[in-house]
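Asker: got a structure for you, letters missing:
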């Protein structure tokens, strides 16, 4: 299931013991829009992790907290700590490889 991540629910997600992936995106960003179906597909095929999308326009405090200055940016979290950061559009197979390495 794909979650909508916001300033209000972000810190609660970081309490999870499982892998959490957050796609930082903006509606006007073409590569972000290309990545949308990839992220949705990964969320459907990886029920054992949490995958969410954070709109940087609507949730600027969280984007600033992590120094997001390029979108899309995908952050991988374990126990609230960033363990991997990917920038730009990434194909689904490559993202799945990163997920498998970090599970």
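Answerer: Received the coordinates, thanks. Here the structure is a predicted model, which is why all the values come from computation and not from measurement.
Asker: Setting aside sequence neighbours, what's the nearest residue to residue 48?
Answerer: residue 18 (6.7 Å; Cβ to Cβ, 6 or more residues apart in numbering). Every C-beta, even on glycine, is put in place using the N, C-alpha and C of the backbone.
Asker: Could you report the pLDDT at that neighbour?
Answerer: Here, the pLDDT recorded for residue 18 equals 94.
Asker: Wait, it touches residue 50, no?
Answerer: Yes. The pair residue 18 / residue 50 is scored as a contact, 6.2 Å apart, by Cβ atoms under 8 Å.
Asker: Just want to know which of those two has more residues nearby.
Answerer: Each of residue 18 and residue 50 has its neighbours counted (other Cβ atoms under 10 Å); residue 50 has more, 19 against 11.
Asker: For the spatially closest residue to the more buried one that is not a sequence neighbour, which residues are in contact?
Answerer: Once flanking residues are discounted, residue 50 sits nearest to residue 20: 4.5 Å by Cβ to Cβ, 6+ apart. By Cβ atoms under 8 Å, 6 or more residues apart in numbering, residue 20 lies in contact with 13, 14, 49, 50, 51, 52, 76, 77, 78.
Asker: The residues you listed in helices, which ones?
Answerer: Under the assignment DSSP state H, these contribute residue 13 to helices.
Asker: what about the strands in the protein?
Answerer: In the chain, the segments counted as strands under DSSP state E are 2-5, 20-25, 50-55, 73-78, 81-87.
Asker: The longest helix belonging to the chain vs strand 81-87, what angle?
Answerer: Looking across the chain with DSSP H, the single longest helix is helix 30-45. Angle, helix 30-45 to strand 81-87, by axes from the mean of the first three to the mean of the last three Cα atoms, to 10 degrees: 130 degrees.
Asker: and helix 30-45, what does it pack onto?
Answerer: strand 2-5, strand 20-25, strand 50-55, helix 92-102 (3 or more Cβ pairs under 8 Å, 6 or more residues apart in numbering; DSSP states H and E).
Asker: Okay, buried residues for that helix please.
Answerer: By neighbour count with 16 or more other Cβ atoms under 10 Å, helix 30-45 contains the buried residues 32, 35, 38, 39, 42, 43.
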